[in-house]
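Peer 1: Just to be clear, the model below is a prediction. Sequence and coordinates:
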Amino acid sequence: MTDRGERYETARRIDADISNPQQQAQIAVVRFIHTVADTTDDVDVGTVEAALHAADTIVDLQATNERLKERVAELEREVTPQLDAKSYMQLTRPEKVQRLREALATQAATRNNRKAQMDYKDVTWLFDGNPSPGHAYDLMELAGQAAGFVYDTPRSDSGNKRIRVDLDAVKDEAVFHAANNASSGGTV
C-alpha cells in the first residue's frame, strides 16, 4: 500500500474508533497541520510550532505560484506571435478580439481607477479603419465575454454600444501582463 493509502487507512480507523465529532475534527486539524508542515516524522515538534511551519509552507507555495505565473506569462509572450506585427487582414477573429482586449486593458492600466471603455469608432481606429461598424460590434461582443470585460449600452442618449474593462477583474494572464508591460514601458 502506498504512503497515501496507508494514511487514508489510518484515518478511516481513527474515524471508526472515535465517535466524538469534536475529537475527530481536532485530530484531523492536527494531522493536517503536521502534513502541510512536513513534520509528521519529527516527534519533537508540537502542534503550535507545526502550525507555524505549515503557515510558512503555504506562504512559500503562494510566492512560488506567483513567480511561476509570471514566468508562464513571459514564456507565453515569447511563443505568442506579436499581434501588432500582423496586418488587419492577416489576423484571425480570435487574434482581433485579443488585440482589442489588450488595447483596452493597456488604456485601463494607465488610469487611476484601472477602467477603460471603447465604442465602435475607437475599435475601428484601433484597426486603422478596417472593420466595418457591424464587425467592430461583433469583436466588441466577443471581447466582452471574458472576465473583467463587459459589452453593454451606456445610459446616455447616444445608444452606441461599448466595451468596458475593469483591469482588477481581468483573469486572462496574457491580457493582464500585456497591459502591465505597456504601462511600465516594456514590450508587448
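Peer 2: That came through fine.

Peer 1: ok now stretch 55-75, how far from the chain's centre?
Peer 2: Taking C-alpha atoms, centre = their mean, to the nearest Å, one finds stretch 55-75 lying 13 Å from the centre of the chain it belongs to.

Peer 1: now do stretch 127-138
Peer 2: Here stretch 127-138 is found 29 Å from its chain centre; the criterion is C-alpha atoms, centre = their mean.

Peer 1: Need the residues that contact it.
Peer 2: Applying C-beta atoms under 8 Å, 6 or more residues apart in numbering, the contact partners of stretch 127-138 are Tyr88, Met89, Lys96, Arg99, Tyr120, Val123, Thr124, Leu139, Lys161. Using the backbone N, CA and C atoms, a C-beta is placed for each residue, glycine as well.

Peer 1: ok, the residues you listed vs Val72, which is closest?
Peer 2: Nearest to Val72 among these is Arg99, at 20.6 Å by C-beta to C-beta.

Peer 1: buried ones in the helix or strand bottoming out on mean pLDDT in the chain?
Peer 2: When each helix and strand of the chain is scored by mean pLDDT, DSSP states H and E, helix 173-183 comes last, with a mean of 75. By neighbour count on 16 or more other C-beta atoms under 10 Å, the buried set for helix 173-183 is Ala174, Val175, Phe176, His177, Ala178, Ala179, Asn180, Asn181, Ala182, Ser183.
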